[in-house]
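1. sequence plus predicted model, see below.
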Amino acid sequence: MKLDQYQRTVLANQYRILEKLDPDGGWDQKREVIESGYEGEYDLGDSETLSAEEGNEVGDILTVFRVLKYSYRDLSTDEKDGIDPADVRFAGFDANDRKECKYLGYTRFLWKTGRFTESRDDDHDGGNSHMEMLGSYRRMVAAYRRCVVQGKLTRADVLAIIDARSVGRLGEPNQRP
């Protein structure tokens with residue numbers, strides 16, 4: 001992105017204000033990048049917006065976890081055997097990954113507005129997974145779509161979706177014994 005000298009000065013001054021308000025926020029480094037004109041280091045632009053398609057993807061992911069949660073809850077004790085309850089909980093998105101950070105922000109917005117609140121877990125850092133999850137979630141959504149979904153999943157469906165989270169050595173989904 002190209003910024004002229006005036007734009008860089010205005011933005012650098014905004015970062016100076018933020019430095020005073022949040023001394024530990026890393027604003028001094030951002031200000032230096034802007035003041036020095038290190039264009040390759042600019043963290044600006046449309047990459048911070050969330051498209052409707054990306055928003056729909058977040059909704060699809062949260063829907064999978066909604067259905068997993070309630071389907072797991074409705075399984076008998078015997079059917080739950082061998083399924084880790086943590087595997088049916090939404091782990092969040094990685095706040096350190098640019099794309100996932102946008103997804104995390106939108107997820108938090110949805111929670112704040114009362115949507116998909118069943119996927120919220122106050123024990124896991126506000127939805128920050130601390131690791132990239134999007135690839136796993138995309139595989140889970142694809143597996144979910146392959147299952148016969150009529151409001152509730154069978155044990156086999158739950159296991160298929162959970163297993164889609166990780167991929168084996170040769171790109172094949174992990175298989176349970």
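-> Perfect, thanks for sending it.
2. enumerate the positions of whichever helix in the chain runs longest that are buried.
-> Selection of the longest helix in the chain by residue count, based on DSSP state H, yields helix 52-74. Judged by neighbour count (16 or more other Cβ atoms under 10 Å), helix 52-74 contains these buried residues: 57-59, 61-62, 64-69, 71-72. C-beta: built from backbone N, CA, C; applies to glycine.
3. please apply the same query to stretch 88-101.
-> Applying 16+ other Cβ under 10 Å to stretch 88-101 flags 88-95, 97, 100 as buried.
4. show me how far it is from its chain's centre.
-> Mean-position distance between stretch 88-101 and its chain equals 3 Å (Cα atoms, centre = their mean, to the nearest Å).
5. what about that stretch, start to end distance?
-> 22 Å (Cα to Cα, to the nearest Å).
6. which other residues reach that stretch?
-> Applying Cβ atoms under 8 Å, 6 or more residues apart in numbering, the set of residues contacting stretch 88-101 from outside is 47, 61-62, 65, 68-69, 71-72, 103-104, 107, 119-121, 124-134, 158, 162.
7. of these, buried ones?
-> Applying 16+ other Cβ under 10 Å to the contacts of stretch 88-101 flags 61-62, 65, 68-69, 71-72, 103-104, 107, 119-120, 127-129, 133-134, 158, 162 as buried.
8. which other helices and strands contact the helix or strand harbouring Leu11?
-> In the assignment (DSSP states H and E), Leu11 maps to helix 5-21. Applying 3 or more Cβ pairs under 8 Å, 6 or more residues apart in numbering; DSSP states H and E, one finds that helix 5-21 contacts helix 27-36.
9. average model confidence for the helix it packs on?
-> Averaged across helix 27-36, pLDDT comes to 86.
10. can you check stretch 134-152 too?
-> 85.
11. so how far is Val158 from the spatially most central residue of the chain?
-> Nearest to the geometric centre of the chain sits Phe93, at 2.7 Å (Cα atoms, centre = their mean). Plainly put, Phe93 is 22 Å away from Val158 if you go by Cβ to Cβ, to the nearest Å.
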